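Student: turn this into a model:
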Amino acid sequence: MEPWAATLTAAIFGAIVLVAVQRHNAFRAASSKFRSTVLDTLRQVYPHPVQWPANIDQFLRGVFPVLQAAVAEFREFLPWYRRRSFDAAWFEYRCSTGREVDLQCYHHYMSFVGDPDPKKIFKANVDRLLSYARPL
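Tutor: Model (predicted):
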């Protein structure tokens, strides 16, 4: 191999490693910020619902803008192949109807006779969202 080819190969490899490290560090910082925002915003009801609000719908609608901004910001740091499932997790968290037209519908977190435990459903949905904020 020619000396210039070895130098060029080493330079390209070094650049690839540098970009990968920078992306990984950016993802870790975004993950940390996303996790802390979600945990701080939902601290009253997650991970253990210490003070489950009497009107969970009103509470979640009140914190929605903060969570929506955090989700939108964090989404940009996810690899393209994880974005669709992250979007599905966000949709599942904020909407129980399955219709895109319903931006927020928190019926799945309300107690109705015969329904499963809404607190467990809420915890599972938030856990699923936060699972994307783990290092790759």
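Student: least confident secondary structure element in the protein?
Tutor: Ranked by mean pLDDT, DSSP states H and E, the weakest helix or strand in the chain is helix 3-41, scoring a mean of 88.
Student: name the helices or strands packed onto that one?
Tutor: Contacts defined by 3 or more Cβ pairs under 8 Å, 6 or more residues apart in numbering; DSSP states H and E place helix 3-41 against helix 56-75, helix 118-130. Bear in mind the C-beta positions are built from the backbone N, C-alpha and C, glycine included.
Student: next one: the first one to chain centre, how far?
Tutor: Mean-position distance between helix 56-75 and its chain equals 11 Å (Cα atoms, centre = their mean, to the nearest Å).
Student: give me the helices and strands touching it, please.
Tutor: Packed against helix 56-75 by the contact rule (3+ Cβ pairs under 8 Å, 6+ apart) you find helix 3-41, helix 80-94, helix 118-130.
Student: mind listing what's buried in that helix?
Tutor: Buried residues in helix 56-75, counting neighbours by 16 or more other Cβ atoms under 10 Å, are found at I56, F59, L60, L67, A70, V71, F74, R75.
Student: quick one on the thing from earlier: now the least confident helix or strand of the chain against helix 56-75, angle please.
Tutor: Between helix 3-41 and helix 56-75, the angle comes out at 170 degrees (axes from the mean of the first three to the mean of the last three Cα atoms, to 10 degrees).
Student: good, we can wrap up now.
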